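Engineer: structure for the following, please:
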Amino acid sequence: MSLKKNDFIEIEFVGKTLDGEVFDSNIKEELDRINSKAKAKEFVFALGQGMFLPAIDEFLIGKDLGNYKIELEPENAFGNRDQKMIQLIPESVFRQHNVRPIAGYVFNFDGKLAKILSVNGGRVRVDFNNPLAGKQVIYEIKIKRIVSNLEEKIKSLNEFFFRKELNFEIKDKKLILEAPKNISKFASLFKEKYSELFGLDLEIKEIEEANKN
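Structural biologist: Residues are numbered from 1 along each chain as shown. Now for the predicted structure:
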């Protein structure tokens, strides 16, 4: 059966640079080989919904289950390098956050990974380009199955939108999603998407955030 847009599929994948350096995978052996702290787990996503690289979505639509090798140019992967993404930041900004800027250091700057290129005269030259920007990459993908279970589909979409598992139930053409206050208003923005993919009206049931202690 050929894959089509909005099909949910499970894949195993490895992302590599042209010189064979692995930068992403959901296969334990590959993650162990690069000493990644990421956990190997199944990856389920909907084709054509921006849950993976758009160029990979486009490639997989129309394909069957099996193994594929996809070579992507920078513009179809992580973008070309942009000189405007290299900025000079006062060293005092780092000091305020108790960070000592050192050339080569990679840090999280307001949710964006950035690399320090140089430190000179109280100014820090920082590169906000994706580390893979400007590089051709290769993805080796095994399409394991088409996912038909509705609850599994909903779980994968929840994890994509909210980066965590949320309890839910399906009742009378409604998807009742339990969400803490900090997520509930955000979750309501996706009502149309749940209706498009599952034909269900999204209802948010606000709950107390679980105590982490």
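
Engineer: now do the buried residues in the helix or strand where residue 178 lies.
Structural biologist: Using DSSP states H and E, residue 178 sits in strand 174-180. For strand 174-180, the buried set under the neighbour-count rule, 16 or more other Cβ atoms under 10 Å, comprises 175-177, 179. The way it works is simple: take the backbone N, C-alpha and C, and place the C-beta from them, glycine included.

Engineer: identify the residues contacting residue 73.
Structural biologist: residue 136 (Cβ atoms under 8 Å, 6 or more residues apart in numbering).

Engineer: for the nearest residue to residue 167 once chain neighbours are set aside, what are its contacts?
Structural biologist: Closest residue to residue 167 apart from its sequence neighbours, by Cβ to Cβ, 6 or more residues apart in numbering: residue 178 at 4.4 Å. Shown in contact with residue 178 (Cβ under 8 Å, 6+ apart): 166-168, 205, 207.

Engineer: C-terminal to the longest helix that the chain contains, what's the next element?
Structural biologist: Assignment by DSSP state H gives helix 150-162 as the longest helix of the chain. Using DSSP H and E, the helix or strand that follows helix 150-162 towards the C-terminus is strand 168-171.

Engineer: what comes into contact with that next one?
Structural biologist: 150-151, 154, 158, 175-178, 200.

Engineer: got it, and stretch 43-53?
Structural biologist: Under Cβ under 8 Å, 6+ apart, the answer for stretch 43-53 is 3-13, 26, 57, 60-61, 72, 76-77, 139, 147, 152-153, 155-157, 160, 193, 197.

Engineer: what comes up buried for it?
Structural biologist: By 16+ other Cβ under 10 Å, the buried positions in stretch 43-53 come out as 43-49, 51-53.

Engineer: can you tell me the SS state at residue 39?
Structural biologist: coil (DSSP: H, G, I helix; E, B strand; the rest coil).

Engineer: which residues touch it?
Structural biologist: Contact partners of residue 39, counting by Cβ under 8 Å, 6+ apart, are residue 31.

Engineer: SS state for residue 189?
Structural biologist: Per three-state DSSP, residue 189 ends up helix.

Engineer: can I get the lowest-mean-pLDDT helix or strand in the chain as CSV, trimmed to CA atoms?
Structural biologist: Ranking every helix and strand in the chain by mean pLDDT, DSSP states H and E puts strand 106-109 at the bottom, with a mean of 83. Only the C-alpha atoms of strand 106-109 are listed here, as CSV (Å, rounded to 0.1, in the frame of the first residue of the first chain):
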residue,chain,number,x,y,z
VAL,A,106,28.1,25.4,22.7
PHE,A,107,25.3,26.7,24.9
ASN,A,108,21.6,27.2,25.0
PHE,A,109,20.7,30.9,24.4
